[in-house]
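1. Sequence and predicted structure, then a few things I'm wondering about:
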Amino acid sequence: MFWFFFSVVLLLAGYFIYGKIVDTVFGPNPNRKTPAIEMADGVDYVAMSDKKIFLVQLLNIAGLGPVFGPILGALYGPSALLWIVAGSIFGGAVHDYFSGMLSMRSKGASLPIVVGNELGQFAKHFMNLFAVVLLMLVGVVFVLGPSELLANMMNVQVGWWVGAIFLYYIFATIVPIDKIIGRFYPFFGALLIFMSIGLMVGLIVSDYNFYNQGLNLFSNLHPKDLPLWPLLFITIACGAVSGFHSTQSPLMARCIRNERSGRFIFYGAMIGEGIIALIWCTLGLSFYQDTTALNATIAEGGPAAVVHDVSVALLGGFGGILAILGVVILPITSGDTAFRSARLIVADFLKLSQKALMNRLWIAIPMFIVGYLITLAEFGVIWRYFGWANQTTAMIMLWAGAAYLAKEGKFHWICTLPAAFMTAVTFTYIAQATIGFNLPLSIATPLGIAITILALIAFWLKFKGPYAQARL
């Protein structure tokens, strides 16, 4: 129990200490007009309170990621806890902060424009396609996950739930942001927090032991002997570092009244998600006798089966249903904002105003047709591609943050170091994975490190060196 609360304290200290350092390096300007004030349109640019935006941001970025990812990450053992804490403080929260603040500085621009502003036109056009593909994968993952949970709970076929959720997505994607998302999602965000805390209290007062196999933080306990590097850093994305968040931050960047609120909303929501990830990773490590038993449950019914077992056992029938509904709401409320972000990215690319309803429908309807077709593929394959695309997006956004700081003559290492780490992770993974080049890890790892070194050299030549000379 001590290690769980110690990890929570570290995350909170990360917000107050390192989050303040990051905020100071960036330098928010409280007198600068934000897009919510300067470009209000009643649809996507709508000023809201900080508290409401924080809860919406937390709900948008959460989804199934800080639940399913940490459950799967728990198979590797307590080392997953280290990644959640360090990843959230030094990677994920920094990533979320810069994606939100740079969007505000670019009139609420979507991710491809933010990346293009810092890394050039090629990066912008690449991200236009890559981000939309990622968001489609996210939307589909966040349809299939809750559909399976609801089907198990109510004995209704998965296909019916997929259709019902897609109908909701269409509606939520095209209506003004303050009508559904701004009005109801803060309540759902509070439900997420309540559900997570309730399960943790249930574990504390139960007869279950914390971390059944001890707390050797550097042991790999995966029952299939899968390598911790780089798989753990792909498996646990939301809750540590997640590129999906950089597609969501611009939604809230269009609603913030003052730049000074950025640390609380962007950095703070990521720390909140890290705590949720810690809870579910701890539940996975503590509820089952060992990782072999955890893996057996996952093999039989996926992470959703773990959610069901844990929730019912710790909170009883009624409490279990509430907890499961919370996990159902999480992905649905992230899935619709994923499609909303995709609509805005396409609209920015086409330079098509979204104030008129028909303009929104022209983009949304074809997008949902493609999304439904993707749901027909195997969930496991979709999840693996989502994991790689997600972390690759995070890597690119972190390089964009590093480029911005280098050009401004500021301490760029707060972005450069996590960008370099994620470069090694993503390239090693795609070189080693069966969905990639299927190379032996002994070859994939040196290849990933070599590409990372080349990326650092390219960054210095393009940004750091020339701008340093210009200041001299």
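-> Now that the structure is in, tell me what you want to look at. Quantities reported herein were computed from a predicted structural model and do not represent experimental measurements.
2. how about residue 242, secondary structure?
-> coil (DSSP: H, G, I helix; E, B strand; the rest coil).
3. Quick one: neighbours of it, just the number.
-> Neighbour count for residue 242, taken as other Cβ atoms under 10 Å: 31. Quick note: C-beta positions are derived from backbone N, CA and C, even for glycine.
4. Could you pull up the contacting residues of it?
-> Shown in contact with residue 242 (Cβ atoms under 8 Å, 6 or more residues apart in numbering): 61, 65, 92, 95, 390, 391, 394.
5. Check residue 282 too.
-> Shown in contact with residue 282 (Cβ under 8 Å, 6+ apart): 4, 81, 200, 203, 210, 211.
6. Ramachandran angles for the second one?
-> In other words, residue 81. Recorded main-chain torsions at residue 81 are phi -60, psi -40, according to degrees, to the nearest 10.
7. The contacts of residue 242 into a markdown table, with extra columns for secondary structure and pLDDT?
-> Listed next are the contacts of residue 242 as a markdown table, based on DSSP: H, G, I helix; E, B strand; the rest coil; pLDDT from 0 to 100:
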| residue | secondary structure | pLDDT |
| --- | --- | --- |
| 61 | helix | 86 |
| 65 | helix | 76 |
| 92 | helix | 96 |
| 95 | helix | 98 |
| 390 | helix | 88 |
| 391 | helix | 94 |
| 394 | helix | 95 |
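8. Out of these, which end up buried?
-> Among those, those buried by neighbour count (16 or more other Cβ atoms under 10 Å) are 61, 65, 92, 95, 390, 391, 394.
9. pLDDT below threshold where in this protein?
-> 63, 212-215, 323, 326-327, 379-380, 464-472 (pLDDT under 70).
10. hey, where'd the helices end up in the stretch 201-350 of the chain?
-> Listed in chain order, the helices of the stretch 201-350 of the chain (DSSP state H, counting those that start in this stretch) span 228-235, 244-253, 262, 268-287, 291-350.
11. rewinding a little: dump the contacts of residue 282 to JSON lines, plus distance to residue 123 and neighbour count.
-> Shown next, in JSON lines, are the contacts of residue 282 (distance: Cβ to Cβ, whole Å; neighbours: other Cβ atoms under 10 Å):
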{"residue": "4", "distance to residue 123": "40", "neighbour count": "21"}
{"residue": "81", "distance to residue 123": "34", "neighbour count": "26"}
{"residue": "200", "distance to residue 123": "41", "neighbour count": "21"}
{"residue": "203", "distance to residue 123": "44", "neighbour count": "22"}
{"residue": "210", "distance to residue 123": "44", "neighbour count": "14"}
{"residue": "211", "distance to residue 123": "42", "neighbour count": "17"}
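12. Strands - which of these land there?
-> Secondary-structure check on the contacts of residue 282 using DSSP state E: no residue lies within strands.
13. Phi first, then psi, for the nearest residue to residue 228 once chain neighbours are set aside.
-> Leaving aside its sequence neighbours, residue 228 sits nearest to residue 220 (Cβ to Cβ, 6 or more residues apart in numbering; 4.6 Å). Per-residue torsions, residue 220: phi -100, psi 110 (degrees, to the nearest 10).
14. what does residue 156 give?
-> The phi/psi pair for residue 156 (degrees, to the nearest 10) reads phi -120, psi 140.
15. pretty sure it is touching residue 150, no?
-> Yes. Between residue 156 and residue 150 there is a contact under Cβ atoms under 8 Å: 7.0 Å.
16. quick one, which of those two is more surrounded?
-> Each of residue 156 and residue 150 has its neighbours counted (other Cβ under 10 Å); residue 150 has more, 22 against 13.
17. Does that one belong to a helix, a strand or coil?
-> Three-state assignment for residue 150 (three-state DSSP): helix.
18. Next one: it relative to residue 436, how far apart?
-> Distance from residue 150 to residue 436, counting by Cβ to Cβ, to the nearest Å: 33 Å.
19. now do residue 125
-> Counting by Cβ to Cβ, the gap from residue 125 to residue 436 is 23 Å.
20. contacts for the helix or strand harbouring residue 51?
-> Using DSSP states H and E, residue 51 maps to helix 50-62. Residues from elsewhere that reach helix 50-62, judged by Cβ under 8 Å, 6+ apart: 48, 96, 181-182, 185-186, 188-190, 192-193, 238, 242, 244-245, 248-249, 251-252, 255-257, 261, 264-266, 268-270, 272-273, 276, 330, 333-334, 337.
21. at 7 Å instead, please
-> Residues from elsewhere that reach helix 50-62 (Cβ atoms under 7 Å, 6 or more residues apart in numbering): 181-182, 185-186, 188-190, 192, 238, 242, 245, 248, 251-252, 255-256, 261, 264-266, 268-269, 272-273, 276, 330, 333-334, 337.
22. CA atoms of it as CSV?
-> This file holds the C-alpha atoms of helix 50-62, laid out as CSV (Å, rounded to 0.1, in the frame of the first residue of the first chain):
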residue,chain,number,x,y,z
ASP,A,50,-11.2,26.3,-15.9
LYS,A,51,-12.9,23.7,-13.6
LYS,A,52,-15.2,22.6,-16.4
ILE,A,53,-12.5,22.5,-19.0
PHE,A,54,-10.2,20.4,-16.7
LEU,A,55,-12.9,17.8,-16.2
VAL,A,56,-13.7,17.7,-19.9
GLN,A,57,-10.0,17.5,-20.8
LEU,A,58,-9.5,14.6,-18.3
LEU,A,59,-12.5,12.8,-19.7
ASN,A,60,-11.4,13.4,-23.3
ILE,A,61,-7.9,12.1,-22.9
ALA,A,62,-8.8,9.2,-20.6
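23. That'll do, ta.
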